[in-house]
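what follows is a protein structure lacking sequence information:
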């Protein structure tokens, strides 16, 4: 008897279920991550029995970069029954300097992707004449569309794609390049034409956000708006930037009015607008469901401002929100102490005393806690340091300091706290509650 046969007889034969479980654990974090995909490819090379399960996860994300890859993927899916049903995410990554005429043909050449949910298009040039691009894309039904690092001279070139695929969520990375066609303008960002859209996210520069806020249109039925500022621009801290914040607050106001108009108080009908800078949240307006003591449900509008190191930005945001006429029920300010905000206490006090904030409940105007202003996924040592706020002497807590610095706002009953349990004291008490509800 040969040695190889003896080894085969004496080797441990694991049940197929255990092998599948091992491969599933390898793919567990996210099969779209490059390192995970490398591990899955290694699993597929172990033996023939591992190929099928490995490809089950690998093909959840189908990445196409050239016409040859499109042809190969179309052949594999047409020759293998059920293979197309495994695709959940389709990534079209156009290589620089390579002909992109194959991109509009993707929906035609691939079999119907029954379970496709996400579509990502990167480095695609929308300014070129691509025949039947939007018509062919109507064959797809997408829950989430992402367009990144693309070349487009008019907003309509990308919003038409979102409308064609019936996207429910649309994320646009990068500003419009209207200079590519000097005789034409960028046109309006008519997100309102995307009838199926619920969530819109824009990653752009502050200057481009200023410009686009003048020409955007949204449907009042949209639920979530997110604006990600990707650069540092001193213009953002200029005193005249409150007009942009007013337009952002205006859009939230229109969204919240629609919620009140339909008179539906149940989970899933909340609205919110958020602005992020360098991955951290600067500004947040939300309509949330609130329950009274008599169990009556109603919507409560809140505004949370986060620490950015510059009180002038807080002043600009407050002025913009106040001029929008949006009636709020709760406001949370970031941590400031006198060494940072010495020039701005009177201005912030004046903003909070605005007539637009008369509807703010005295029980719900306070200082945002660490849970309000820092993402748990990106917290660092500097963020954790905010758990022990700097409190100027002789004050015992930030609430007491704010009451002294802003007398008009404090005169309305804001910034109240219990000195025994205040978590923003010089020696913080252990507490899990939010200071908005205790202030």
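Done, it's in. Keep in mind that this is a model prediction, so the values were computed, not measured. Numbering: from 1, shown residues only.

residue 145 - that's part of a helix, no?
No: Residue 145: not assigned to a helix; according to DSSP: H, G, I helix; E, B strand; the rest coil it is strand.

now do the SS call for residue 186.
coil.

tally of neighbours for residue 149?
Residue 149 is flanked by 12 other residues according to other C-beta atoms under 10 Å. (C-beta placed from N, C-alpha, C; glycine too.)

first-to-last residue distance for stretch 80-92?
22 Å (C-alpha to C-alpha, to the nearest Å).

give me the buried positions along it.
Neighbour counts using 16 or more other C-beta atoms under 10 Å place 83-84, 86-92 of stretch 80-92 among the buried residues.

could I get the residues you listed as a markdown table with secondary structure and distance to residue 278?
Below are those laid out as a markdown table (DSSP: H, G, I helix; E, B strand; the rest coil; distance: C-beta to C-beta, whole Å):
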| residue | secondary structure | distance to residue 278 |
| --- | --- | --- |
| 83 | coil | 42 |
| 84 | helix | 40 |
| 86 | helix | 37 |
| 87 | coil | 34 |
| 88 | coil | 31 |
| 89 | strand | 27 |
| 90 | strand | 30 |
| 91 | strand | 26 |
| 92 | strand | 29 |
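
low-confidence regions, the chain specifically.
1-12, 32, 182-183, 239, 259-269, 290-298, 359, 361-389, 427-439 (pLDDT under 70).

mind doing that once more with 50?
1, 5-7, 265, 369-386, 430-439 (pLDDT under 50).

kindly list the longest helix within it.
Longest helix of the chain, by residue count under DSSP state H: helix 242-262.

which helices and strands does it pack with?
Contacts defined by 3 or more C-beta pairs under 8 Å, 6 or more residues apart in numbering; DSSP states H and E place helix 242-262 against strand 224-229, strand 271-277, strand 280-291, strand 297-305, helix 311-324.

from the contact counts, what lies against the helix or strand just after the last one?
The helix or strand immediately downstream of helix 311-324 is strand 330-333, counting by DSSP states H and E. The contact analysis (3+ C-beta pairs under 8 Å, 6+ apart) places strand 330-333 against strand 297-305, strand 365-367, helix 435-438.

each with direction, which strands does the first one pair with?
What it means is strand 297-305. strand 280-291 (antiparallel), strand 330-333 (parallel) (DSSP bridges).

and residue 57, how many residues sit next to it?
Using other C-beta under 10 Å, the number of residues around residue 57 comes to 23.

make that residue 422, sorry
22.

show me the strands in this structure, by range?
61-64, 89-93, 118-122, 144-148, 169-173, 189-190, 199-204, 216-217, 224-229, 271-277, 280-291, 297-305, 330-333, 365-367 (DSSP state E).

what comes up buried for the longest one?
Of the residues in strand 280-291, 281-287, 290 count as buried by neighbour count, 16+ other C-beta under 10 Å.

circling back to that earlier point, got JSON lines for the strands paired with strand 297-305, with distance to residue 235 too?
Formatted as JSON lines, the strands paired with strand 297-305 follow (distance: least, C-beta to C-beta, whole Å):
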{"stretch": "strand 280-291", "distance to residue 235": "15"}
{"stretch": "strand 330-333", "distance to residue 235": "23"}
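
so which of the ones you listed gets nearest residue 320?
The closest of the strands paired with strand 297-305 to residue 320 is strand 280-291. By C-beta to C-beta, the value is 9.3 Å.

okay, now residue 73: neighbour count?
Neighbour tally, residue 73, other C-beta under 10 Å: 22.

make sure it is actually in contact with residue 110.
Yes: look at residue 73 against residue 110 with C-beta atoms under 8 Å: they come within range, at 6.7 Å.

what comes up buried for stretch 167-185?
Applying 16+ other C-beta under 10 Å to stretch 167-185 flags 167-176, 178 as buried.

check these and tell me the two furthest apart.
168 and 178 (27.9 Å).

sorry, back to before: adding distance to residue 23, write the helices and strands packed on helix 242-262 out as CSV.
Output for those, formatted as CSV (distance: least, C-beta to C-beta, whole Å):
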stretch, distance to residue 23
strand 224-229, 35
strand 271-277, 36
strand 280-291, 37
strand 297-305, 43
helix 311-324, 49
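
just say which of the ones you listed is most tucked in.
helix 311-324 (a mean of 22; mean count of other C-beta atoms under 10 Å).
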